[in-house]
Structure formats: structure tokens, C-alpha cells
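>>> After the sequence you'll find the predicted model.
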Amino acid sequence: MGYQEDGSAAVGASEGRRAVTDVQSGVTAKRIHADAYGALIEALTTIYWNKVPFEQDLRRRLREHPELLARLDFTLTKRETSAQLVEMLVAEEQRYCELAIEMMTDISRIDTFPNLAKQVDAEDLLPQAREAVAHLAKWVGRHAEIAEEREKFSAELAAHRDQVAKTRGFAEVRDELRQDFLRLTTMADRQRAGIEFEGFLHRLFTLFDLEPTLAYNLSGEQIDGSIYHDTNHYIVEAKWLAGTVEAKHLRDFDGKVRFKGKNALGLFVSVNGFSEGGKDLFRQSTSFITMDGGDLFSVLEGRIRLDELIARKLEHANRTGDCYFPATQMHL
């Protein structure tokens, strides 16, 4: 990896802040060379011909960074989207240094290009991809100790995250999520709000240690994500429609959950609620529980914990067969 010496150091106002700052300074003491970022853009652009596998690959690589995914525009060309990602990595290199190094290293090791091999122009496309990957590999190879550097960054960033967790309380993070949720409700671009909602849910589920995963594809089937709670695995679907979720959406989700097996559970999140017809359809037998905007706000205002809310909804569904049990009907 090519680096440029920075040599900057920060001094915190307190011992706790100084420790965090020291970690940040250590991580960014050597900055990734601009040409290495350029090589990453070229490689990302050329290793796939079709946009679908390109998007799937980036989503996989960024699954631990929903805040980046939420800001990527996959309607653009592959090169524009790649440049968009690199711009974000450069803008916050202190935060994303390890991620950038990991991506550059992993991509520089690619030696097969199945998507390109299927194309009519494969004979032209494959050499271009190999050249782009080889060029990126040269930048990775600038430092023979790259693996050691990656381990060092990982350890330092882990220590940094632990320190941040100690200095920012649970209630503070929850309040930040509440403010973010309010911001999403007032966004003019509703499509963008829907995309960012996925990242919001991921952070909310993470706060309550529900081990969330981001959206993934399974045999051509789109799954919004999943969580774990009390040894149970939930398939999660989330929608922020202009109106309520209708019966058809719930029937489709019920089929998706039941297809996974008799022990599968589902959680359907709809900010604007569910139609009466949809709720009636799953009032006596259901494979899933539901959550609406009122439920979310009850959690964000601290009236009930998210893990407790899920547990009470599941207990109600097991006892009555009813998918719908809002927080407003619970004795909080």
C-alpha cells in the first residue's frame, strides 16, 4: 500500500478523550496514497460487467457499514458509484482506513472473473480486469508488512470502539436514534429516506444486541435482513410506504417465512402501520409479528426496551395467533 506521511497528533481535553484521539492519530499517521484510491476505483469498475453482481459485491463488502450503503447511489454507472464510495472513504479516512485497506487487499487478490467470462466481449474485458487488479496489487505491495498493518489497525480501531462505547451511554445512543428517526420522517426525498431507514434499523437492532444482518439475496429471493433474539432467528422485512402495508404484502411475507421451515419466525416492520384487512388475515394464525412507527417511537422514547417489546409480541402471537400487538395496547 502506498502511504504519505502525515505526522499529525491531537490532544484531548480529558484523559478519556485523549485516549481515543491517540488511537485515531495512530491509525491515520500514514495516509493511503491518492493513486491507490484511483486504482481501487478502476478495479471496482472493471471486475464486473453487469451492475447486479457489482452491487451485490459492494453490499457484501460494506455489510458492516450501512451508513455508507445508505449514501451510495446504485442507479449511477459502476464507475460513478465506485468513485462515490472512494470519496466517502477519503473524506473520513480516519474512520474507514481499515475498510479501505481490506478492500484493496482483497480485490488485488482476485484471479477469476466469472461475470466477465460470460460476456460476448470476454476476450477484451478479461485483460482489462486483470490489468486493473494487477495495478491495484502494485499499490498493495508497496508495503511488505501490509498484513501486519491491517492487524494493527484492527486492534487499534477495536480499542477505539470500546472506548467510545464506554464514554457514550445507552440512553445517549438511543436519543441519537430518536433524532435520526424524526429526521427521516421529514425528509422530502422519500426514496432516500427508505434507503436510510435500513441503516437506522440496523443501528437500533445493534444497540439491543440483536445481531442484525443487512439485506441479502437467497436463491433470487430478496430478504431485508435478520435478527436473533432469545435463541430465535427472525427474518426481517421493513417498509416505509406512503400508506399502510396491505394484505398482499403480509401474505407474501408469510409465505417467505413458512418456506424457511416450521421453526422460522418473521418480523414485519411498517412505519405507517398495517391495513385492517391485513391484520384480520393473520389474527388467528401467524408465522410473524409486526411492528409499526408507534412501536418504534415507544422504544426510542424509552417507554419499553426493544428486546422486551419483541418478547411480548411473540408471547401474544403464540397465545392468540394474532400478528398484531402494538405497544399502545401493552401495560407499560
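Looks like it arrived, so ask away. Numbers count the residues shown, from 1 in each chain.

>>> Need the per-residue pLDDT for residue 172.
In this model, residue 172 is scored at 83, pLDDT.

>>> what do you get for residue 255?
pLDDT at residue 255 comes out at 93.

>>> do the same with residue 144
You'll see residue 144 listed with a pLDDT of 42.

>>> can you pull up the bridge partners for residue 292?
Beta-bridge pairing for residue 292 (DSSP bridges): residue 270.

>>> so what's it up against?
Residues in contact with residue 292 (CB atoms under 8 Å, 6 or more residues apart in numbering) are 269-274, 326. Bear in mind the C-beta positions are built from the backbone N, C-alpha and C, glycine included.

>>> could I get those as CSV with distance to residue 304, pLDDT and neighbour count?
Output for those, formatted as CSV (distance: CB to CB, whole Å; pLDDT from 0 to 100; neighbours: other CB atoms under 10 Å):
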residue, distance to residue 304, pLDDT, neighbour count
269, 16, 95, 22
270, 18, 94, 24
271, 17, 93, 23
272, 20, 94, 13
273, 18, 95, 20
274, 19, 97, 25
326, 11, 96, 17
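
>>> Pull the distance from the helix or strand containing residue 280 to the chain's centre.
Secondary structure from DSSP states H and E places residue 280 in helix 276-281. Mean-position distance between helix 276-281 and its chain equals 31 Å (CA atoms, centre = their mean, to the nearest Å).

>>> repeat for stretch 171-189
17 Å.

>>> quick one: buried residues of it?
173-174, 177-178, 180-181, 184 (16 or more other CB atoms under 10 Å).

>>> Columns distance to residue 208 and secondary structure on top of those, output as JSON lines?
Formatted as JSON lines, the buried residues of stretch 171-189 follow (distance: CB to CB, whole Å; DSSP: H, G, I helix; E, B strand; the rest coil):
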{"residue": "173", "distance to residue 208": "11", "secondary structure": "helix"}
{"residue": "174", "distance to residue 208": "9", "secondary structure": "helix"}
{"residue": "177", "distance to residue 208": "11", "secondary structure": "helix"}
{"residue": "178", "distance to residue 208": "14", "secondary structure": "helix"}
{"residue": "180", "distance to residue 208": "16", "secondary structure": "helix"}
{"residue": "181", "distance to residue 208": "15", "secondary structure": "helix"}
{"residue": "184", "distance to residue 208": "19", "secondary structure": "helix"}
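
>>> Identify the farthest-apart pair in these.
With distances taken as CB to CB, the most widely separated pair in the buried residues of stretch 171-189 is 173 and 184, at 16.6 Å.

>>> all helices of the stretch 1-150 of the chain, in order?
15-27, 34-46, 51-61, 66-69, 78-91, 93-108, 114-117, 122-140, 146-167 (DSSP state H, counting those that start in this stretch).

>>> Could you check how far the spatially most central residue of the chain is from residue 250?
In the chain, the centroid-proximal residue (CA atoms, centre = their mean) is residue 66; its distance is 2.8 Å. Distance of residue 66 to residue 250, given as CB to CB, to the nearest Å: 25 Å.

>>> Kindly report the same for residue 260.
Taken as CB to CB, the span from residue 260 to residue 250 is 16 Å.

>>> Kindly confirm my reading that residue 322 is in a strand.
No - under DSSP: H, G, I helix; E, B strand; the rest coil, residue 322 sits outside any strand and is assigned coil.

>>> residues contacting the closest residue to it other than its chain neighbours?
Nearest non-adjacent residue to residue 322, counting by CB to CB, 6 or more residues apart in numbering: residue 283, 5.0 Å away. Neighbouring residues of residue 283 by CB under 8 Å, 6+ apart: 321-324.

>>> Can you check those and name whichever has the most neighbours?
residue 323 (26 neighbours; other CB atoms under 10 Å).

>>> Now the phi/psi pair for that residue, please.
Main-chain dihedrals, residue 323, degrees, to the nearest 10: phi -80, psi -20.

>>> right, and it touches residue 253 too?
No - counting by CB atoms under 8 Å, residue 323 sits too far from residue 253 to count as a contact (9.8 Å).

>>> hey, what's in contact with both of these two?
268, 288.

>>> count of residues packed around residue 207?
When neighbours are defined as other CB under 10 Å, residue 207 has 16 of them.

>>> Which of the residues in the helix holding residue 280 are classified as buried?
278-279, 281.
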